[in-house]
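>>> Here is the input, now give the coordinates:
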Amino acid sequence: MWHNLISGATAALTVANIGSLVFGTFVGIVVGILPGIGPMVGMVMLLPFTFALAPDVALSLLLGVFCGGYFGGAVPAILMRTPGVPSSLVTSFDGFPLTRKGEAQTALSAALLGSFGGGIISVIILVFLAPLLAHVAANFGPPEYFAAGLFGVTLVVMANRDRLMQGILLLGLGLWFSTVGIDGTTLSPRFNFATLSLQNGLHIVPVCLGLFGVGQTLLLVERKLLMTDQMNLTRSTLDFSKLRVALRYWKTLIKSGLIGTFVGLLPGTGSILASFMSYEAAKRSSKRPQDFGRGTPEGCLASEAGNNAVPAGAMIPLLTLGIPGDALSAVLLGVFTINGIYPGPLLLVNEPVLINTLYCSIFMINIAAFLMLAFWLKPFAMIVRIPSTLLAVNIMLISVVGIYAVNTRIFDAAVAVFMGVLGYILLRLKWPVVSLVMGVVLGEILETRLRESLSIGEGNPLIFFTRPISLALIILTVLIVVIPLYKDRRQG
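You can find the predicted model right below:
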């Protein structure tokens, strides 16, 4: 174990890896600060360029964007009441009132400390929990994997149950997209419309890049996202003396980091829920709950610790089960599979150095993000002044050129543009696009594992109910559907 950890740390400290994670973190902070962009756009924009990199360097680059985006999202939320990422909306509840009182530095110190603390706590939990979950997952067969995938897609849909029918429709559309191309078992073409280009199917890269990279930028062109043009920030750097105020709430920091990590474990829940749950838990246990919503550093710290713990938490099911918890994890899954590395219970055994490199990289990303924002706070904050139209055009151009550069196929760029238009329409209608992405990603897993399970059971579907783990997952799937709907009906 120690040998693998040292080897992983050595790989993480190479010039290529450090350069990659620092650049990724920088990009993540920038796209996190820009309202309406977010880490997903940054990741899919850089994704095509990662295929020429070694797996550990490519993953460090994208993880830097993933984690850095949540760090950056707090800055406009606090200074201008405009969350850079959706989960930072909760940070603005106390951050903006503090800014109006002239205490922006106190709010930013609490948010940055919360982001850093939540990230470090989640990495520590990842290091210890991933091997335990992998040990359990080692007993998984096709029925268990199918049940876990079914649990994942159900949880994604139920996480957006206020738009339940839209979520089910988009999930079905995503599952259909996953069947396009040559069927690996029967070698028969499916839904390729006699088109040679569609025989290889619809890959996750152009789909994600279109839905988020192009779709989000089309949305950005037509909207003025800033809620205020005022920015009350006098210093260029963070006022480090204010960190002592935030450190008084160290118990809240630990609790919020734990909540965020375990929310990240669950597919489809995301950083918004983690941020809100951490904020509410801090409010309930606070000695001065009446200050929440009026301007308290504890609220900023709790919110940011919760949402910054999500990335490392989301890595646990991805690494041990091969099941992404959200669209961001799905992009990372694409990097694994393109490099011939298949996440699952054997990954920690077969690729111990790579896994330990990722652990060390996430740890260093949190340090890099904290230092960048601490020393370049005002320059980063001024990024919001970039005209949204100019920004959107550049992002769209980089996205389409990047996807074309991977295989030099116009068809991939056409898929990205088509998905971009679809993504724009869905985002405009406020439909849960993540359901579509999860359908595309998990469709092949569900289909393959269902076939294998029925083959083992000689066509008998009761195979899923005769194995303890798959039965437990099916029961959980039923419960996460029935209980929320029952509660909604009673409240209605």
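
>>> sec struct for the residue lying closest to residue 48 once chain neighbours are set aside, please.
Closest residue to residue 48 apart from its sequence neighbours, by Cβ to Cβ, 6 or more residues apart in numbering: residue 402 at 3.6 Å. Yep, even glycine has a C-beta here, placed from its N, CA and C like the rest. Here residue 402 is helix, with the state taken from DSSP: H, G, I helix; E, B strand; the rest coil.

>>> tell me the contacts of residue 402?
45-49, 209 (Cβ atoms under 8 Å, 6 or more residues apart in numbering).

>>> Please apply the same query to residue 220.
36-37, 388, 391-392.

>>> The closest residue to residue 439 other than its chain neighbours and residue 47: what is the separation?
Counting by Cβ to Cβ, 6+ apart, residue 439 lies nearest to residue 174, which is 2.0 Å off, once chain neighbours are set aside. According to Cβ to Cβ, to the nearest Å, residue 174 stands 18 Å off from residue 47.

>>> center of this protein - which residue?
Centroid-nearest residue in the chain, with Cα atoms, centre = their mean: residue 328, separated by 3.7 Å.

>>> Identify those among the contacts of residue 220 that sit within helices.
388, 391-392 (DSSP state H).

>>> Pick the one among the residues you listed closest to residue 362.
residue 391 (27.8 Å; Cβ to Cβ).

>>> Near that closest one, how many other residues are there?
Residue 391 is flanked by 18 other residues according to other Cβ atoms under 10 Å.

>>> Please apply the same query to residue 465.
14.

>>> Let me know whether it touches residue 472 as I believe.
No: under the criterion of Cβ atoms under 8 Å, residue 465 makes no contact with residue 472, lying 10.6 Å away.

>>> what's the longest helix along the chain packed up against?
Identified as the longest helix of the chain according to DSSP H is helix 104-137. On a contact count with 3 or more Cβ pairs under 8 Å, 6 or more residues apart in numbering; DSSP states H and E, helix 104-137 meets helix 55-80, helix 89-100, helix 243-247, helix 250-265, helix 297-308, helix 310-321, helix 347-350, helix 352-375.

>>> Which stretch among the ones you listed is buried most, on average?
The highest mean neighbour count among the helices and strands packed on helix 104-137, using mean count of other Cβ atoms under 10 Å, belongs to helix 297-308: a mean of 34.

>>> Give me the mean pLDDT for it.
Averaging pLDDT along helix 297-308 gives 89.

>>> Show me what it is packed against.
helix 55-80, helix 89-100, helix 104-137, helix 243-247, helix 250-265, helix 270-285.

>>> Put the alpha carbons of it into PDB.
Output in PDB follows, covering the C-alpha atoms of helix 297-308 (Å, rounded to 0.1, in the frame of the first residue of the first chain):
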ATOM      1  CA  PRO A 297     -19.500  33.700   7.600                       C
ATOM      2  CA  GLU A 298     -20.700  30.300   8.900                       C
ATOM      3  CA  GLY A 299     -23.400  30.100   6.100                       C
ATOM      4  CA  CYS A 300     -20.700  30.800   3.400                       C
ATOM      5  CA  LEU A 301     -18.400  28.300   4.900                       C
ATOM      6  CA  ALA A 302     -21.000  25.500   5.200                       C
ATOM      7  CA  SER A 303     -22.300  26.000   1.700                       C
ATOM      8  CA  GLU A 304     -18.900  26.000   0.000                       C
ATOM      9  CA  ALA A 305     -17.600  23.100   2.100                       C
ATOM     10  CA  GLY A 306     -20.600  21.000   1.100                       C
ATOM     11  CA  ASN A 307     -20.400  21.600  -2.700                       C
ATOM     12  CA  ASN A 308     -16.600  21.300  -2.900                       C
END
